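S.K.: Quick one, fold the following:
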Amino acid sequence: MLATTLSDIWQQIATGIFDPLFTVLVFLLMLSLLVFVHELGHLWVGLRMGIKVEEFGIGFPPRALVLFERNGIKYTLNWLPLGGFVRFAGMDGEKDAVYGAGSLAAAPPWRKIPVMLAGPLMNFFLAVVIFTILFATIGIPTPTGRVVISDVFPNTPAAAAGFRSGDELVRLDDQSTVDEQVIREVARNRLGTTIKAVVLRDGAEVTLDVIPGPWKAPDGREFNAGFGFSYEMQTMNQPVNPIAAIGAGFMHSVDLTGRMIMMLADLPAAIAGLFSPTPPPTGEPLGPIGIARATGEVIRQPDGFVSFWSLTAVLSLNLFILNLLPIPALDGSHILFALIEWARGKKLPPEKEALVHAFGFMALMGLMVLLTVNDVLNAVQGTPIFGR
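M.R.: Numbers count the residues shown, from 1 in each chain. Just a heads-up that it's a prediction; the model follows:
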């Protein structure tokens, strides 16, 4: 009942006069939560590893004020409400003589690595917590076995066969169990062959002859094999007890993480697609503006409250994976350098490590600028984030 009430209030605000402002505020809330939890993990483990911490900031500089100081750590409030940060002594590879034995630069690898791991792991933990609360409150989404056609694109095999929006796909190529995998396999294995599709329309079964083949989406994407319709896998929420919700939240997070890791192979093609007039089939990576637009699309849905928190959990898992990659300036790169130091038995030159991170940071900023430009172009053209 509480979840239903919150969803109703959320929907009224998200679709009302406060829509643009609400979208911005919700986006900042989400981003702040993701970054704050990440940095809180670094802080907590860093202190237990004996690493000197100079500052824990809420928001990003410039600094607004120092809230308080405890054990030599300044807890500050900063003007940019975009999460938070931890300033470790020696974080940027400064020489030990400046910061002493308690600095991050001077710490042995077995102390550095847990500190760097803690941030990403907190993002994974946050996703588990969000999914657990959602499952305990509204139940676990369980497939009903129903596949409903949501849209039929023009000049496609589906349009030629007579599919309509709202049709329920009952059988496809004599297969009574229809799901996403079956649809893709039939499209790929029966390319150019006439097959039977049975749909439920207005309470009656209708048989359609369709020939899977290449088709082009309205947004310019091209597919070598398919039908040319979008569909929704219908689900129902299955109530569970809180203990089962914890297990389901953890397993769902693990499953999503595995899928995201598998999708990393498509990342280079997705980035290259930014320079192509035809968007890649896997979709384009998003920058801050794209994520903000995605947030706006999500909160306007009928179940916007639940969808927003689901999106937050998914983005938290994305941060978990991204920060573990050995990309200079990210946690994974610091972990890699610590492992190399451990294997060599001696420290790497701090200035060389700092130089690598500096170049990595510049490359990340360049990619961020590119993604932002692409996000702006998509916004101007009115290209939706979901259902492209």
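
S.K.: in the helix or strand N323 falls within, what's buried?
M.R.: If you go by DSSP states H and E, N323 is part of helix 304-324. Buried residues in helix 304-324, counted by 16 or more other CB atoms under 10 Å: 304-313, 315-324. Glycine gets a C-beta too; all of them are placed from N, C-alpha and C.

S.K.: What residues of whichever strand or helix holds N123 count as buried?
M.R.: Element membership for N123, per DSSP H and E: helix 109-138. By 16+ other CB under 10 Å, the buried positions in helix 109-138 come out as 109, 111-138.

S.K.: Run through the helices of the stretch 251-388 of the chain in chain order.
M.R.: 267-272, 288-299, 304-324, 331-344, 350-381 (DSSP state H, counting those that start in this stretch).

S.K.: cool, the stretch 51-200 of the chain as well?
M.R.: Under the criterion DSSP H, counting those that start in this stretch, helices of the stretch 51-200 of the chain are mapped to 96-99, 109-138, 157-161, 180-189.

S.K.: Rebuild those as TSV, extending it with distance to H252.
M.R.: Shown next, in TSV, are the helices of the stretch 51-200 of the chain (distance: least, CB to CB, whole Å):
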stretch	distance to H252
helix 96-99	42
helix 109-138	5
helix 157-161	31
helix 180-189	17
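
S.K.: Out of the ones you listed, which gets nearest to V26?
M.R.: With respect to V26, and counting by CB to CB, the nearest of the helices of the stretch 51-200 of the chain is helix 109-138 at 14.6 Å.

S.K.: Which strands or helices does that closest one pack on?
M.R.: Here helix 109-138 touches helix 2-14, helix 19-48, helix 242-263, helix 304-324, helix 331-344, going by 3 or more CB pairs under 8 Å, 6 or more residues apart in numbering; DSSP states H and E.

S.K.: give me that answer again for 6 Å
M.R.: helix 19-48, helix 242-263, helix 304-324, helix 331-344 (3 or more CB pairs under 6 Å, 6 or more residues apart in numbering; DSSP states H and E).

S.K.: Do me a favour and average the pLDDT over the last one.
M.R.: Going back to what we said before, that points to helix 331-344. For helix 331-344, mean pLDDT is 88.

S.K.: and the angle from it to helix 109-138?
M.R.: Relative orientation of helix 331-344 versus helix 109-138 (axes from the mean of the first three to the mean of the last three CA atoms, to 10 degrees): 150 degrees.

S.K.: List of residues touching helix 331-344?
M.R.: Here helix 331-344 makes contact (CB atoms under 6 Å, 6 or more residues apart in numbering) with 109, 112-113, 116, 119-120, 323-327, 347-348, 353.

S.K.: Taking helix 304-324 as reference, get the angle to that helix.
M.R.: Using the same axes, to 10 degrees: helix 331-344 against helix 304-324 is 30 degrees.

S.K.: if we can go back for a sec, ranking the helices and strands packed on helix 109-138 by burial, who's on top?
M.R.: helix 304-324 (a mean of 21; mean count of other CB atoms under 10 Å).

S.K.: Quick one: distance of that one to the chain centre.
M.R.: 5 Å (CA atoms, centre = their mean, to the nearest Å).

S.K.: Quick check: which helices or strands does the strand of greatest length in the chain pack against?
M.R.: Assignment by DSSP state E gives strand 53-70 as the longest strand of the chain. The contact analysis (3+ CB pairs under 6 Å, 6+ apart) places strand 53-70 against strand 73-88.

S.K.: buried stuff in the strand it packs on?
M.R.: Within strand 73-88, the residues that count as buried by 16+ other CB under 10 Å are I73, K74, T76, N78, L82, G83, G84, F85, V86, R87, F88.

S.K.: Looking at those, which two lie furthest apart in space?
M.R.: Greatest spacing in the buried residues of strand 73-88, by CB to CB: I73 and L82 (20.7 Å).

S.K.: Torsion angles phi and psi at P326?
M.R.: phi -80, psi 60 (degrees, to the nearest 10).

S.K.: so where's this structure uncertain?
M.R.: 1-19, 82, 90-103, 177-178, 219-220, 265-288, 302, 371, 374-375, 378-388 (pLDDT under 70).
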